[in-house]
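Asks: Provide a 3D model corresponding to the input given below.
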Amino acid sequence: MPSTNVKPLTESTRNKLKEAIGQLEIFLNQHALPGLTAEDNGNEAELFYKGLLSDLRHLLVFSEVAYEKLGVALRRPNFDIEFAERVLYEVYHQCVNAFYYPKNECYSEDGRYAYTGQDAIRFRSKPLRVAKEIVMTVSKFYEELRDDLAFYESDYMTQRRMQGQK
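Replies: Predicted structure coming up:
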């Protein structure tokens, strides 16, 4: 990636993470397991929401750590392109992947819907409106990050290996 593009990409990535973090924090601060399972006392609902909340908390932590690292990269007196590229690589592989491949698989992306204008996110169980809304809201941010950082999926490490670095 041309070095002139790294700083603006770092700034836009940080802004998108800030928005996603804000949405996730609001949801996680306002909703807990008893409130989400109040309408449906079944064991399946409890397992679903435990998994969803766990995945969202992990996503929030990964995003906050990446946000701070991007801030460090941008605050340095001399912008360190290599450090910023490494952090962008981490954003892709930790934050974006944490969103699209959640550990508990309460939702997943169905690629068949990606280009139809319909929501590509499919839930394992029918969630409450608030749970569906948070996933759909932050999906927009992580989809943009995935598109912006697609270079870092494989090309970044290939480039580093060719340069003889780890």
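
Asks: any chance you could map the helices in this structure?
Replies: Assigned by DSSP state H, the helices in the chain fall at 3-30, 33-36, 43-75, 81-90, 97-100, 129-148, 155-162.

Asks: export those to a markdown table and tack on mean neighbour count and distance to Asp119?
Replies: For every residue, glycine as well, the C-beta is placed using N, CA and C. A markdown table is the format used below for the helices of the chain (neighbours: other C-beta atoms under 10 Å; distance: least, C-beta to C-beta, whole Å):
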| stretch | mean neighbour count | distance to Asp119 |
| --- | --- | --- |
| helix 3-30 | 16 | 16 |
| helix 33-36 | 14 | 20 |
| helix 43-75 | 18 | 16 |
| helix 81-90 | 19 | 27 |
| helix 97-100 | 19 | 14 |
| helix 129-148 | 17 | 6 |
| helix 155-162 | 12 | 29 |
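
Asks: Using TSV, please lay out those together with distance to Arg122 and mean pLDDT.
Replies: Supplementary listing: these in TSV, determined by distance: least, C-beta to C-beta, whole Å; pLDDT from 0 to 100:
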stretch	distance to Arg122	mean pLDDT
helix 3-30	19	94
helix 33-36	19	87
helix 43-75	13	95
helix 81-90	27	93
helix 97-100	12	94
helix 129-148	10	94
helix 155-162	29	61
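
Asks: Just send those back as a markdown table, with distance to Phe123 too.
Replies: Below are these laid out as a markdown table (distance: least, C-beta to C-beta, whole Å):
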| stretch | distance to Phe123 |
| --- | --- |
| helix 3-30 | 15 |
| helix 33-36 | 13 |
| helix 43-75 | 8 |
| helix 81-90 | 28 |
| helix 97-100 | 14 |
| helix 129-148 | 7 |
| helix 155-162 | 32 |
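
Asks: So for Tyr107, which of the ones you listed sits nearest?
Replies: helix 129-148 (5.7 Å; C-beta to C-beta).

Asks: Can you list the neighbours in contact with that closest one?
Replies: 9, 12-13, 16-17, 19-20, 23-24, 27, 31, 36, 49, 52, 56, 59, 91-92, 95-96, 99-100, 107, 119-121, 123, 127 (C-beta atoms under 8 Å, 6 or more residues apart in numbering).

Asks: again, only this time at 6 Å
Replies: 16, 19-20, 23, 27, 96, 99, 107, 121 (C-beta atoms under 6 Å, 6 or more residues apart in numbering).

Asks: Can you check what angle separates that helix from helix 81-90?
Replies: Orientation check (axes from the mean of the first three to the mean of the last three C-alpha atoms, to 10 degrees): helix 129-148 against helix 81-90 gives 140 degrees.
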